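Chemist: this one's sequence-less:
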């Protein structure tokens, strides 16, 4: 029977091991796939973020350049030398007036290094003014060298716009006399329509802007994984890392289009709406359009569509996948190794655990027994602590009752003497009435009665104040609810109760209140805390008959909580005692009847009941006036 049970146990253990091994294999495969996917996405995201940054830089450069050249054109046209007003039109102007216009164009063109030409063309296409700029020099083209530009597209499109408004030509290469200028100069032309009613020439002001510096900056942005490409609306490259593919529409090389090299990418560009899109093949592409400048007046765009796309290096997707597969393979091998090690360790531990189980069970029974004893001990300690708390409360209340009783002796005794004197006066008055009352006797008796009654009233009022203060403190100390209380009022009431002890002492108590602090708390507990701190200072900080000062200060800290400090000019507390001063039954004056629960109770009340904080700063060698300072921080609810 025993052999049969062992065989079944071994069979069950083997079955569980097979299931665990299968689970480890499946889990390793799943985790390896997740590692592959995470690495793939992370690397792809890095490339895409890098391309987004490059795309943003290129767009920013383009928008900044196009915006500036449009503004420059408007600034150029808005000049009194060009406007007609009451002046003659162009064909009736004198040579000096025409020379002033040339001088203005020269001065304006020299202000910007990207201006290559400024021309003013009349409505028939004839150049009336033309200034060429090159190498920071300006050249006024002679009248016999001026050309007719009626056949140029930018003239036909610009002249069709109603004055006054601007037109931005497409970006192409600068041409002179029908031929492309070499080396190639990427150029954009901005036209400004001038009317015969406002300007001396009815036609177009045309500024040629040299974009070579812009294209060079863009070339500097291009990198291995962020190759910048710029394509016009017909799919011809305006900018490509391979310069042999650029300007196909100008060089009459119709095969140099993106539609010919990558038709799917060109289709993605044409289908693009407003937002940036991605395109993937064996590479990663980030596509967008250059923002267009818009004419609010005519509700139309002022420049052609320009596509910008950022291309990664060739075969990047394959490279990322291989890297991700490498990480996934390493993860799978690592997990399988760890899983096999865990299975082997589990087999070893199973044998050890079977031997330890009974020992653990026996120790658990023993631990339960010890826990029960400990719980009983803690319960008893809690009951004892509660008893100490009540005893401390009664002790504080007894001291307060004795102090109030002592204080009330004087006003009540004075009231009794005054009443007795009044009775004597009344007796004398009655006797005088029987024997014959004179006016002077009556007046002196009435005056004496008024004085004695007034003195009795003063003393009884003092007693009433003391009783009222004592009653409020007694109510507050028995109130377990959080209520609104004024700290200044609590301190003043407490000092009235302690006056009988303080007036026979050489210790002076001063108070400082920086404001009217009313908080929601337990006023009775706060009063007990301050009382214990003051009594502690009186008992421990000063020698017999020593003069000194105790200061009670109330202020707000930087967090808005209320701080109550009790400071004294006594002897201070040594550092080796400060760590244990709040422990129960710790006292340096046990021979004087102290049991060492005062500061312990203060700590418990502040941190446990008031949910505040208690701090101590003390140094017998301190040069400041106060050697010891207790700070109670109360939350301002």
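Modeler: Cool, got the structure. Quick caveat, the model's predicted, so the values are computed rather than measured. Numbering: from 1, shown residues only.
Chemist: centroid residue for the protein?
Modeler: residue 559 (17.7 Å; Cα atoms, centre = their mean).
Chemist: List the contacts of that residue.
Modeler: By Cβ atoms under 8 Å, 6 or more residues apart in numbering, the contact set of residue 559 is empty. Placement of C-beta: from N, CA and C, glycine included.
Chemist: Please tell me the pLDDT value assigned to it.
Modeler: Predicted confidence (pLDDT) at residue 559: the value is 86.
Chemist: my read is residue 182 is in a strand, agree?
Modeler: No. Counting by DSSP: H, G, I helix; E, B strand; the rest coil, residue 182 is not part of a strand but coil.
Chemist: confidence score at it?
Modeler: We have a pLDDT of 86 for residue 182.
Chemist: for the stretch 401-550 of the chain, which spans come out with low pLDDT?
Modeler: For the stretch 401-550 of the chain, the stretches flagged by pLDDT under 70 are 401-411, 413-414, 456, 458-459, 461-481, 500.
Chemist: quick one: the helix or strand where residue 319 lies to chain centroid distance?
Modeler: Here residue 319, judged by DSSP states H and E, is contained in helix 316-435. Centroid separation between helix 316-435 and its chain, computed with Cα atoms, centre = their mean, to the nearest Å, is 35 Å.
Chemist: Check which helices and strands it is in contact with.
Modeler: Under the contact criterion of 3 or more Cβ pairs under 8 Å, 6 or more residues apart in numbering; DSSP states H and E, helix 316-435 touches helix 2-77, helix 439-478, helix 487-497, helix 499-502, helix 523-540, helix 598-604.
Chemist: Residue 64 is in contact with residue 214, correct?
Modeler: No. Between residue 214 and residue 64 there is no contact under Cβ atoms under 8 Å: 9.2 Å.
Chemist: who's more crowded, these two?
Modeler: The neighbour comparison of residue 214 against residue 64 (other Cβ atoms under 10 Å) goes to residue 214, with 21 against 11.
Chemist: Can you say which helix or strand has the more buried one in it?
Modeler: Using DSSP H and E, residue 214 maps to helix 212-221.
Chemist: what ranges do the helices span in the stretch 101-250 of the chain?
Modeler: Per DSSP state H, counting those that start in this stretch, the stretch 101-250 of the chain carries helices over the ranges 153-159, 212-221.
Chemist: Let's have these in TSV, adding distance to residue 439 and mean pLDDT.
Modeler: Below are these laid out as TSV (distance: least, Cβ to Cβ, whole Å; pLDDT from 0 to 100):
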stretch	distance to residue 439	mean pLDDT
helix 153-159	126	86
helix 212-221	120	88
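Chemist: re earlier: distance of the residue nearest to the centre of the chain relative to residue 487?
Modeler: 17 Å (Cβ to Cβ, to the nearest Å).
Chemist: swap in residue 308?
Modeler: Relative to residue 487, residue 308 is positioned 69 Å away (Cβ to Cβ).
Chemist: Just list the residues touching residue 32, thanks.
Modeler: With Cβ under 8 Å, 6+ apart, residue 32 has these contacts: 328-329, 331-332, 335.
Chemist: ah, wrong one, I meant residue 117
Modeler: Contacts of residue 117 (Cβ under 8 Å, 6+ apart): 130-133, 206-208.
Chemist: Same check on residue 569?
Modeler: Residue 569 is in contact with 541, 548-550, 625-627, counting by Cβ under 8 Å, 6+ apart.
Chemist: what about stretch 256-273, average pLDDT?
Modeler: For stretch 256-273, mean pLDDT is 88.
Chemist: do stretch 620-628 as well
Modeler: Across stretch 620-628, pLDDT averages out at 85.
Chemist: Could you list the residues in contact with that stretch?
Modeler: 537, 541, 549, 551, 567-574, 616-619.
Chemist: try stretch 232-250
Modeler: Contacts of stretch 232-250 (Cβ under 8 Å, 6+ apart): 170-173, 180, 184, 186, 215, 218-219, 222, 227-231, 254-259, 266, 304-307.
Chemist: now do stretch 333-341
Modeler: For stretch 333-341, contacts defined as Cβ under 8 Å, 6+ apart pick out 21, 24-25, 27-28, 31-32.
Chemist: which one of these is nearest residue 194?
Modeler: Closest approach to residue 194 among the contacts of stretch 333-341 (Cβ to Cβ): residue 32, at 71.4 Å.
Chemist: now the closest one: how far from residue 324?
Modeler: Taking Cβ to Cβ, one finds residue 32 at 10 Å from residue 324.
Chemist: ok, for residue 514, nearest residue in space, not its chain neighbours?
Modeler: Excluding the flanking residues, the one nearest residue 514 by Cβ to Cβ, 6 or more residues apart in numbering is residue 555, at 4.3 Å.
Chemist: Phi first, then psi, for that neighbour.
Modeler: Per-residue torsions, residue 555: phi -160, psi 170 (degrees, to the nearest 10).
Chemist: next one: the one 4 residues further on
Modeler: Backbone dihedrals for residue 559, given as degrees, to the nearest 10, come out at phi -90, psi 0.
Chemist: pretty sure residue 125 contacts residue 154?
Modeler: No. In this structure residue 125 lies outside contact range of residue 154 using Cβ under 8 Å: 11.2 Å.
Chemist: Neighbour count for these two, which is higher?
Modeler: Neighbour count, other Cβ under 10 Å: between residue 125 and residue 154, residue 154 has more, with 21 against 17.
Chemist: Now do the contacts for that one.
Modeler: Residues near residue 154 by Cβ under 8 Å, 6+ apart: 167, 169, 189, 191, 206.
Chemist: In terms of distance to residue 605, which of those ranks first?
Modeler: Nearest to residue 605 among these, with distances taken as Cβ to Cβ, is residue 167, at 84.4 Å.
Chemist: Which members of the contacts of residue 569 are classed as buried?
Modeler: Taking 16 or more other Cβ atoms under 10 Å as the criterion, what is buried in those is 541, 548-550, 626-627.
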